[in-house]
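Engineer: Sequence and computational prediction follow.
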Amino acid sequence: VSPDRTEAAGSETVPHGAVFTQSAALLAQIFEFAPDAKVLVDGGGRILKANALAGTMFGYGRDELIGQHIEILIPQRFLSRHVAYRQGYMATPRTRPMGAGVELFARRKDGTEFPVDIMLSPLETDEGMLALAVVRDVTDRKRAEAETRAAREMYLKELHHRVKNNLQVISSLLFLQSTYTKDPSTLEILKDSQNRVKSIALIHEKLYRSSELTKIDFAEYVRDLVTDLFRTYGVDQGAVVVRMQIEHMTLEIDTAIPCGLIINELVSNVLKHAFPGGRTGHVVIDLAPVGPKEFTLTIQDDGVGLPKDYDWRTSTSLGLKLVTDLTRQLDGRLEVDVTNGTQFRITFREVLYKERN
Ligand SMILES: Nc1ncnc2c1ncn2[C@@H]1O[C@H](COP(=O)(O)OP(=O)(O)O)[C@@H](O)[C@H]1O
Ligand SMILES: [Mg+2]
């Protein structure tokens with residue numbers, strides 16, 4: 001590239017050793033034999049030099065590449081982008097990976113494609129600015145990554161399935177236990193516990209079926225949960241009419257579980273307490289985003305309302321205590337309005353699922 005002083009002195013007479021490390025012969029060997037394909041391109045995108053590996057990698061005879069346009073190595077669909085990209089590179093040249101963060105593909109002579117990593121370095125020469133592209137075929141690495149991803153997904157799926165099954169066993173045990181008592185308050189405790197376990201089991205069931213594995217379709221979850229609660233409390237959907245306004249949203253597991261439990265408590269309360277003695281009425285379940293990753297959940301009934309002088313803030317009963325604790329866990333805010341029936345309104349943020357390896 002640039003004339004080498006030792007070379008100019010005559011390589012024949014230069015002994016091997018210290019001087020050799022500076023010789024053009026060494027550089028030529030590095031270019032030729034160090035791993036990775038190397039292609040030297042001028043400012044107009046013409047290939048000036050390519051090593052043997054470049055020829056093999058792209059399916060060309062070694063000298064076939066020289067004088068060609070670099071764009072013959074680029075898949076058709078990236079061509080126009082590549083021309084602009086190359087011009088941009090020549091305007092602000094520095095050593096860096098090409099298209100950092102995006103998946104790059106190269107094209108062989110026969111038109112087939114393969115994934116590559118490319119490192120670009122500018123070379124200042126007498127012939128002007130040249131760019132050296134060091135190209136690595138990453139087919140094997142990509143395949144290994146895809147296999148790891150698939151294995152992890154399988155594992156997560158299996159895990160959710162097992163958690164769901166185990167929770168179902170616990171729920172069944174609670175049910176069996178309840179057949180051994182006639183005491184109404186014990187029965188109620190067992191039923192509430194069973195519903196709490198089921199509301200979590202349902203999340204794992206959805207996760208197991210979800211393509212994303214850490215997120216679920218929350219509207220669908222709430223619909224199933226509420227239907228299930230009507231069934232377990234034996235409330236007719238004609239007596240208490242539900243209106244659900246849940247925007248389509250997916251929630252991460254760490255948000256979905258506390259949020260699902262809160263809905264379980266509040267809807268159970270409506271079914272148990274709001275419409276005593278055959279009273280009929282309505283319940284509205286509303287969940288909507290109010291900001292980036294921020295949501296408001298409202299559960300409003302037009303029933304009898306909370307008992308007079310009842311202070312939900314200092315309530316020690318488990319249901320409402322769970323609601324306040326879980327709201328705190330979601331970094332949320334809870335407001336209760338009892339002017340007409342009972343309204344619980346919770347504003348919370350989505351907790352992002354953290355990768356735990
Ligand atoms: N939607 C509602 N309508 C009327 N009363 C309610 C409602 N939600 C809660 N309550 C009252 O608040 C009390 C405490 O609720 P909670 O902590 O869930 O305990 P539990 O449901 O086990 O009684 C209930 O016993 C009930 O008197
Ligand atoms: Mg309750």
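Structural biologist: In hand now; what should we look at? Ligands and ions are numbered 1, 2, ... in the order given.
Engineer: Can you classify the residue of the chain found nearest ligand 2 by secondary structure?
Structural biologist: Relative to ligand 2, the nearest point of the chain is Gly319 (2.7 Å; C-beta to the ion). (Glycine included, C-beta is placed from N, CA and C.) What DSSP: H, G, I helix; E, B strand; the rest coil gives for Gly319 is helix.
Engineer: looking at it, it is touching Ser268, isn't it?
Structural biologist: Yes - here Gly319 lies in contact with Ser268, judged by C-beta atoms under 8 Å, at a distance of 7.1 Å.
Engineer: Neighbour count for those two, which is higher?
Structural biologist: Ser268 (19 against 16; other C-beta atoms under 10 Å).
Engineer: who touches that one in this structure?
Structural biologist: Residues near Ser268 by C-beta atoms under 8 Å, 6 or more residues apart in numbering: 192, 195, 229, 233, 319.
Engineer: what about the second one, how many neighbours?
Structural biologist: Using other C-beta under 10 Å, Asn195 has 21 other residues around it.
Engineer: Which of the helices or strands spans it?
Structural biologist: Assigned by DSSP states H and E, Asn195 belongs to helix 184-209.
Engineer: For that helix, which helices and strands make contact with it?
Structural biologist: Judged by 3 or more C-beta pairs under 8 Å, 6 or more residues apart in numbering; DSSP states H and E, helix 184-209 is in contact with helix 139-178, strand 215-217, helix 218-232, helix 253-269.
Engineer: between it and helix 253-269, what angle do the directions make?
Structural biologist: Helix 184-209 runs at 150 degrees relative to helix 253-269, counting by axes from the mean of the first three to the mean of the last three C-alpha atoms, to 10 degrees.
Engineer: just to revisit the earlier point, which residues are common contacts for Gly319 and Ser268?
Structural biologist: Contacts common to Gly319 and Ser268, judged by C-beta under 8 Å, 6+ apart, are Asp192.
Engineer: if we can go back for a sec, nearest residue to the residue of the chain closest to ligand 2 in space, ignoring adjacent ones along the chain?
Structural biologist: Nearest non-adjacent residue to Gly319, counting by C-beta to C-beta, 6 or more residues apart in numbering: Glu265, 4.8 Å away.
Engineer: what's near enough to touch Pro35?
Structural biologist: 53, 136.
Engineer: Determine the three-state secondary structure at it.
Structural biologist: Three-state call for Pro35 (three-state DSSP): coil.
Engineer: And it, what's its pLDDT?
Structural biologist: At Pro35, the pLDDT value in this model is 86.
Engineer: and if you look at Ala106?
Structural biologist: 97.
Engineer: Tell me the backbone dihedrals of it, please.
Structural biologist: Backbone torsions for Ala106, taken as degrees, to the nearest 10, come to phi -120, psi 160.
Engineer: Distance of Ile72 relative to Glu64?
Structural biologist: Applying C-beta to C-beta, to the nearest Å, the value for Ile72 to Glu64 is 10 Å.
Engineer: mind listing what Glu319 touches?
Structural biologist: Rather than Glu, residue 319 is Gly. 192, 265, 268-269.
Engineer: Those residues: which ones sit near ligand 1?
Structural biologist: Near ligand 1, judged by C-beta under 6 Å from any ligand atom, the entries from those are 265, 269.
Engineer: Ligand 2 next: which of the contacts of Gly319 are close?
Structural biologist: Near ligand 2, judged by C-beta under 5 Å from the ion, the entries from the contacts of Gly319 are Asn269.
Engineer: Thought Gly55 was touching Gly61, still the case?
Structural biologist: Yes - the pair Gly61 / Gly55 is scored as a contact, 6.2 Å apart, by C-beta under 8 Å.
Engineer: More neighbours: which of these two?
Structural biologist: Gly55 (19 against 9).
Engineer: Any idea how many residues pack against the residue nearest to the more buried one when sequence neighbours are not counted?
Structural biologist: Nearest residue to Gly55 in three dimensions, chain neighbours excluded: Arg62, at 4.1 Å (C-beta to C-beta, 6+ apart). Neighbour count of Arg62, defined by other C-beta under 10 Å: 13.
Engineer: try Gln329
Structural biologist: The local packing of Gln329 (other C-beta under 10 Å) involves 17 other residues.
Engineer: Gln343 too?
Structural biologist: 18.
Engineer: And for the one 4 residues further on?
Structural biologist: The tally of other residues near Thr347 (other C-beta under 10 Å) stands at 18.
Engineer: contacting residues around it?
Structural biologist: With contact set as C-beta under 8 Å, 6+ apart, Thr347 has these partners: 290, 294-297, 332-333.
Engineer: rerun at 6 Å
Structural biologist: By C-beta atoms under 6 Å, 6 or more residues apart in numbering, Thr347 lies in contact with 296, 332-333.
Engineer: Averaged pLDDT, stretch 160-172. What do you get?
Structural biologist: 97.
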